[in-house]
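*Asks:* sequence unknown, structure follows:
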């Protein structure tokens, strides 16, 4: 019996030592040269020898953390990330291949930032919305600035207000058969893109209309300002801007509220026709801009991104990519995918859910043109 206990004790001791040895065993070192050979054979069709993407749609891999590159390749292997060509390639790779590829790209110097992408500073980021809004422009004017009496501006209007109004027209909740028919076939994402496009356009400055007095109208807008803001520029995304609005439309709308043909408590209940014309004249000549984020807000968002993406290797346990010097168009596309739920990351979706394409483009442009400090 004593011999049996002794044998078991020795066996358990050997198992414990073996387990301790395996736990303290150093991870297998990567072979950078082998990684380079693999890359030269399989990857240079899309990624240039310096690790940059050959087109703006392909990411730069040079200088990325090896841990991030490994996790990305494993995501393609598992199907968590979908790209047919990459999935086929990674499926053929061994664990050593993945480790070697990641080590090789991580060993390359980061790609130098570019000088910027002019298309991101133009309406290119709103190309789809502009295309969808072409039918609206026939009545509401080029870029949504109306010159047709009685037809309102869409330019410079709050996107949320435009989205809800357009959805109501599309569903028939607003009784307008022509608009309902015109909007058929557009889903909510299409409507959002169209609204973002019009919101990014700045209305032109108008000449005084042939009726009413802008000077007399200013005093008449004291009550209006409590909701529509100073000089008709609203700070509430659900309340429309009135500045630079088409004056005939304003007269019609305000009169309809006064006569209770439009429902909104007792707004304008005591205004005469002349006073309404004065109000319309005042708002029509007020300057208005595009409803987009200002530089300060974009700077604040980038500061939040830097909490994770701005850290040096080893400062964080999180596996995240380097954004500095990355292709702007690639970054924009990826952020849009996170925002729209097309890429799986609940954290990134929450971070980007409230940002329109213009804000995302500004973030992408910043990282594409700045080196990592």
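*Replies:* Good, I have the coordinates. Note that the coordinates shown come from a computational prediction; the quantities given were computed from them, not determined experimentally.
*Asks:* drop to CA atoms for contacts and neighbour counts, all remaining ones
*Replies:* Fine.
*Asks:* Quick one: low-confidence residue ranges for the stretch 51-200 of the chain.
*Replies:* 114-125 (pLDDT under 70).
*Asks:* Show me the helices in it, by range?
*Replies:* Secondary structure of the stretch 51-200 of the chain by DSSP state H, counting those that start in this stretch: the helices cover 66-78, 84-91, 95-107, 118-121, 127-132, 134-140, 159-171, 177-182, 188-199.
*Asks:* what does the stretch 201-350 of the chain give?
*Replies:* 214-220, 225-228, 247-258, 273-284, 295-309, 328-339, 346-352.
*Asks:* for the fifth one, what is the average pLDDT?
*Replies:* Same thing as helix 295-309. Averaging the model's pLDDT scores along helix 295-309 yields 79.
*Asks:* and what of the third one?
*Replies:* Along helix 247-258, the predicted local confidence has a mean pLDDT of 94.
*Asks:* Can you list the buried residues in it?
*Replies:* 247-255, 257-258 (16 or more other Cα atoms under 10 Å).
*Asks:* out of those, who's nearest residue 230?
*Replies:* residue 250 (16.6 Å; Cα to Cα).
*Asks:* Chain neighbours aside, what residue packs nearest to the closest one?
*Replies:* Distance criterion Cα to Cα, 6 or more residues apart in numbering; nearest residue to residue 250, sequence neighbours excluded, is residue 280 at 5.4 Å.
*Asks:* who touches the one you found in this structure?
*Replies:* 212, 214, 217, 247-248, 250-251 (Cα atoms under 8 Å, 6 or more residues apart in numbering).
*Asks:* Adding distance to residue 73, write those residues out as TSV.
*Replies:* Below are the contacts of residue 280 laid out as TSV (distance: Cα to Cα, whole Å):
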residue	distance to residue 73
212	67
214	64
217	64
247	58
248	60
250	57
251	61
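*Asks:* what separates stretch 347-363 from the chain centre, distance-wise?
*Replies:* On the basis of Cα atoms, centre = their mean, to the nearest Å, stretch 347-363 is displaced by 4 Å from the centre of the chain it belongs to.
*Asks:* Dump the helices of the stretch 51-200 of the chain into CSV; add distance to residue 309 as well.
*Replies:* Output for the helices of the stretch 51-200 of the chain, formatted as CSV (distance: least, Cα to Cα, whole Å):
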stretch, distance to residue 309
helix 66-78, 12
helix 84-91, 24
helix 95-107, 16
helix 118-121, 22
helix 127-132, 29
helix 134-140, 39
helix 159-171, 30
helix 177-182, 44
helix 188-199, 28
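*Asks:* Take those and write them to CSV, including mean neighbour count and distance to residue 289.
*Replies:* Listed next are the helices of the stretch 51-200 of the chain as CSV, based on neighbours: other Cα atoms under 10 Å; distance: least, Cα to Cα, whole Å:
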stretch, mean neighbour count, distance to residue 289
helix 66-78, 19, 42
helix 84-91, 14, 44
helix 95-107, 22, 45
helix 118-121, 13, 16
helix 127-132, 17, 18
helix 134-140, 17, 17
helix 159-171, 20, 13
helix 177-182, 14, 26
helix 188-199, 23, 9
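*Asks:* Mind checking those for the one nearest to residue 224?
*Replies:* Closest among these, once you apply Cα to Cα, is helix 159-171, at 17.3 Å.
*Asks:* just checking, what packs against that closest one?
*Replies:* Helix 159-171 sits against helix 177-182, helix 188-199, with contacts defined as 3 or more Cα pairs under 8 Å, 6 or more residues apart in numbering; DSSP states H and E.
*Asks:* That helix versus helix 188-199: what angle between them?
*Replies:* 130 degrees (axes from the mean of the first three to the mean of the last three Cα atoms, to 10 degrees).
*Asks:* next one: helix 159-171 to chain centre, how far?
*Replies:* Using Cα atoms, centre = their mean, the offset of helix 159-171 from its chain centre is 20 Å.
*Asks:* Please work out which residues outside that helix touch it.
*Replies:* By Cα under 8 Å, 6+ apart, helix 159-171 touches 154, 174-176, 179-181, 183-184, 188, 191-192, 195-196, 198-199, 237-240, 291.
*Asks:* any idea how far the nearest residue to residue 181 once chain neighbours are set aside is from residue 252?
*Replies:* With sequence-adjacent residues excluded and distances taken as Cα to Cα, 6+ apart, residue 181 is closest to residue 170, at 7.4 Å. Residue 170 is 22 Å from residue 252, where distance means Cα to Cα, to the nearest Å.
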